[in-house]
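In: Here's a sequence, model it:
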Amino acid sequence: MSIRLGFSIPINVFGPGLCIAHRGTIVVNKGARVGENCRIHACTNIGSGRDNIFLAPKIGNGVYIGPGAKIFGSVEIADNIAIGANSVVNRSFYERGISIAGVPAKKISNKGSDGMVIAATKTVSVPVSQETIERAGVAE
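Out: Okay, the predicted model is just below:
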C-alpha cells in the first residue's frame with residue numbers, strides 16, 4: 001500500500017489515531033516519534049537522512065502537519081501545535097497549542113491545532129433515536 005500511495009512510514013513511529021489527509025508522498029525517518037491523534041498531509045518529510053535516528057524529531061499529541069511541511073533534525077514539537085503548509089521546522093517548539101509557519105518556522109499565533117485534528121482515540125457517545133436503530137436493522 002505504501003508504494004501505491006507514496007508513503008514511506010516505518011512501523012511504530014506514529015501513535016494511535018493517525019489521520020493521513022490525502023494520498024501523496026510522506027517520508028518519515030524510522031527514529032522519529034509522533035504522538036497520538038496527529039493529522040498529516042501529503043508532500044511532508046519528518047526527519048533527516050534515511051537511517052540517521054539521531055536526527056529524528058519527537059512530535060507531541062494532537063499535532064497538525066500541513067501539506068508540504070518539512071521537519072528536520074532532533075527537534076521537539078509540543079502537543080497541539082499546528083504546522084503551516086510548506087513550513088520548514090529546524091528547531092524545537094516547546095509551547096503547547098500554538099501555530100508555527102514559515103521558512104524557517106516561527107510562532108505565528110496562539111491558536112493551535114484545535115479543530116484541525118480528529119481525536120480518533122477518544123470514544124464519543126452520541127444519542128441515537130429508536131427510529132434510527134430500527135431503520136438500520138440493528139437489534140437491541
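In: What ranges does this protein have for its helices?
Out: With DSSP state H, the ranges of helices along the chain come out as 2-5, 130-136.
In: could you give the mean pLDDT of the first one?
Out: Spelled out, it's helix 2-5. Helix 2-5 comes out with an average pLDDT of 72.
In: for stretch 35-49, same thing?
Out: So the average pLDDT for stretch 35-49 ends up being 92.
In: Quick one: distance of it to the chain centre.
Out: Relative to the chain's own centre, stretch 35-49 is displaced by 6 Å; criterion: CA atoms, centre = their mean, to the nearest Å.
In: Show me which parts of stretch 98-112 are buried, residue by residue.
Out: Using 16 or more other CB atoms under 10 Å as the burial criterion, the residues of stretch 98-112 that qualify are 98-101, 105, 112. C-beta: built from backbone N, CA, C; applies to glycine.
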